[in-house]
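K.L.:
dropping a prediction and its sequence here:
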Amino acid sequence: MAPAARLLPWVCLLFAACASGPFEPTSVVAGDTRDDVLRKMGPPTASYTMPGRQDRLEYTRMPAGRKTYMIDFDAAGRVTRWEQVLDEAHFLAIVPGLRSADVLRLIGVVPLSNDARDWESGASSRVPLVEVAVTHWRGALLPLARGGS
């Protein structure tokens, strides 16, 4: 067997390990500071101010993954909880007429394309400001938001 062929499995394993990063915020615990979270998880996909002025950090694993995590902070800047928000309960909370800013705070980034090139260019990295945006979830078309923020 050629030397390069013997190295191929190890190179693939190395690339997979480097690309994975912290996939779930399991190391994030209640009471962690924002700096703790950034050190553990890296930069967030987005940051939101929630009603009550608390912060929320978004960590999406799309387009390759199918999970988006939200990490919530209290007024003192400490983690109160984290949750995976691409689930049935969160999608059912989306009602007609909900503003796109509210949808973003609820479920985060919504790609309207599965094409990674669109994602990387930012072409599908936010619910667009159109009258009604739709996406696929478990094979169903769901209304997401009315334009406006």
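P.N.:
Nice, thanks for sending it over. Computed from a predicted model, the values in this text were never measured in an experiment.
K.L.:
where exactly do the helices run in this protein?
P.N.:
Counting by DSSP state H, the chain has these helices, from start to end: 3-20, 34-41, 88-92, 100-107, 116-121.
K.L.:
with adjacent residues omitted, what lies nearest to V79?
P.N.:
Once flanking residues are discounted, V79 sits nearest to D32: 4.4 Å by Cβ to Cβ, 6 or more residues apart in numbering. For the C-beta atoms, the positions are set from N, CA and C on the backbone; glycine is no exception.
K.L.:
give me every residue that touches L86.
P.N.:
The contact partners of L86, taken as Cβ atoms under 8 Å, 6 or more residues apart in numbering, are 66-68, 107, 137.
K.L.:
for this structure, where's the lowest mean pLDDT among helices and strands?
P.N.:
When each helix and strand of the chain is scored by mean pLDDT, DSSP states H and E, strand 132-137 comes last, with a mean of 41.
K.L.:
comparing the helices of the chain by mean pLDDT, which bottoms out?
P.N.:
With a mean of 50, helix 116-121 has the lowest mean pLDDT of those.
K.L.:
what about M62, neighbour count?
P.N.:
19 (other Cβ atoms under 10 Å).
K.L.:
now it: how far from L86?
P.N.:
The spacing between M62 and L86, counted by Cβ to Cβ, to the nearest Å, is 8 Å.
K.L.:
and what of L104?
P.N.:
Computed as Cβ to Cβ, the L104 to L86 distance reads 13 Å.
K.L.:
got it, and E24?
P.N.:
Distance from E24 to L86, by Cβ to Cβ: 13 Å.
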